[in-house]
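Colleague: Quick one: sequence plus predicted model below, questions after.
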Amino acid sequence: QSADPVRDPAKSPGKGRILAPVWEAFRIAADSIWTHKLRSVLTLLGIIVGVASVVTVGGAIEGMGAYVWERLSSTFGSNTFIVARFARTNVSDEDFEIIIKRNKNIYPEDMRAVEEKCEGCEAISPMIQGTDDVKRGNRIFYDARIRGVNEDLQKIQSLDLADGRFVSNFDVTHSKNNAVIGHKVREELFGSIEPIGKEIKVGGESYTVIGVEKLNGTMGGQSLDSNVYIPYTSYLKKYGLRRSIQFQVRAPATDSGGYTQDEVRQILRSRHKLRPN
């Protein structure tokens with residue numbers, strides 16, 4: 001008996017039949033590219049430009065998202081929520097009328113009740129603001145953003161000072177006419193002069209500058225350096241209360257289930273004697 005010779009797999013007829021069409025396709029493709037050089041270069045260039053465009057746009061969107069998230073985090077702080085009469089959402093006129101009749105106004109007394117009774121609230125600060133002109137001598141800063149705040153604002157959002165101090169509990173309790181000004185306001189009114197301890201006029205009323213905010217830049221085309229922070233009690237004394245207020249609350253970092261929001265909601269519903277639902 002004679003044994004069959006061992007066959008080389010590389011020389012197997014079946015494998016050769018498989019590789020032959022592949023090699024023929026490669027040869028035809030290479031010949032076509034070489035014959036139509038300009039068309040091949042333009043096609044390759046189009047692919048490169050297309051891929052580069054997708055990568056660039058994707059990177060820009062990701063970078064913009066990171067920038068917006070950073071700005072929002074610094075402006076509104078992390079693990080915070082806003083208490084308002086109703087959410088700022090697009091609703092029909094009929095639904096809006098129902099909301100206006102159903103949802104009660106929120107007053108400073110409501111915020112103070114939450115401060116006293118809310119065990120999970122780490123910090124609470126009002127969100128009261130308007131615009132007014134700020135003057136020093138013959139220099140005027142038009143349409144500054146006047147914000148009524150308390151000492152907790154620094155615990156809620158990133159607010160760094162270049163000089164001086166922020167509004168204190170003493171300022172709020174005694175309605176002191178003290179002000180912390182933004183970087184742009186400082187440049188416009190004082191230039192190179194030291195502003196701490198100097199007087200400015202907010203809407204014609206004198207305030208003492210106690211602090212200057214660091215440069216923040218812009219967000220969405222709006223300057224973040226035109227703020228003037230004053231105690232919210234001074235704000236209410238000067239401008240009055242024309243509408244329902246909003247206030248911002250910082251919850252503990254461990255509160256992932258919204259328990260602090262429920263606590264604040266219950267306090268306000270109890271104060272306003274609201275029925276279930």
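Modeller: That came through, no problem. Residues are numbered from 1 along each chain as shown.

Colleague: Every contact and neighbour count from this point should use C-alpha atoms.
Modeller: Will do.

Colleague: And the lengthiest strand in the chain, what does it pack against?
Modeller: Assignment by DSSP state E gives strand 123-136 as the longest strand of the chain. When contacts are defined as 3 or more CA pairs under 8 Å, 6 or more residues apart in numbering; DSSP states H and E, strand 123-136 packs onto helix 108-117, strand 139-149, helix 153-156, helix 183-190, strand 199-202, strand 246-250.

Colleague: What are the contacting residues of that strand?
Modeller: Here strand 123-136 makes contact (CA atoms under 8 Å, 6 or more residues apart in numbering) with 111, 115, 140-153, 155-156, 189-190, 199-204, 232, 245-251.

Colleague: and the residues you listed, which are buried?
Modeller: With burial judged by 16 or more other CA atoms under 10 Å, the buried subset of the contacts of strand 123-136 is 111, 115, 140-141, 144-153, 156, 189-190, 199-200, 202, 232, 245-251.

Colleague: bridging residues for Gln129?
Modeller: Bridge pairing for Gln129 (DSSP bridges) gives the partners Arg147.

Colleague: With Glu205 instead?
Modeller: Val202.

Colleague: what about it, neighbour count?
Modeller: 12 (other CA atoms under 10 Å).

Colleague: Show me the shaky parts of this protein.
Modeller: Low-confidence segments of the chain (pLDDT under 70): 1-18, 62-78, 88-89.

Colleague: So which residues of this protein form strands?
Modeller: Going by DSSP E, the chain shows strands at 80-83, 123-136, 139-149, 161-164, 178-181, 199-202, 205-213, 218-219, 222-223, 227-231, 246-250.

Colleague: And these: which comes nearest Val49?
Modeller: When the strands of the chain are compared by CA to CA, strand 218-219 sits nearest Val49, at 31.3 Å.

Colleague: The closest one pairs with which strands?
Modeller: When DSSP bridges is applied, strand 218-219 pairs with strand 222-223 (antiparallel).

Colleague: chain center to the strand it pairs with: distance?
Modeller: 13 Å (CA atoms, centre = their mean, to the nearest Å).

Colleague: Now tell me what touches that strand from outside.
Modeller: Residues contacting strand 222-223 (CA under 8 Å, 6+ apart): Gly217.

Colleague: and what of stretch 143-155?
Modeller: So stretch 143-155 is in contact with 123-134, 159, 166-169, 172, 185, 226-236, going by CA under 8 Å, 6+ apart.

Colleague: Brilliant, that's me finished.
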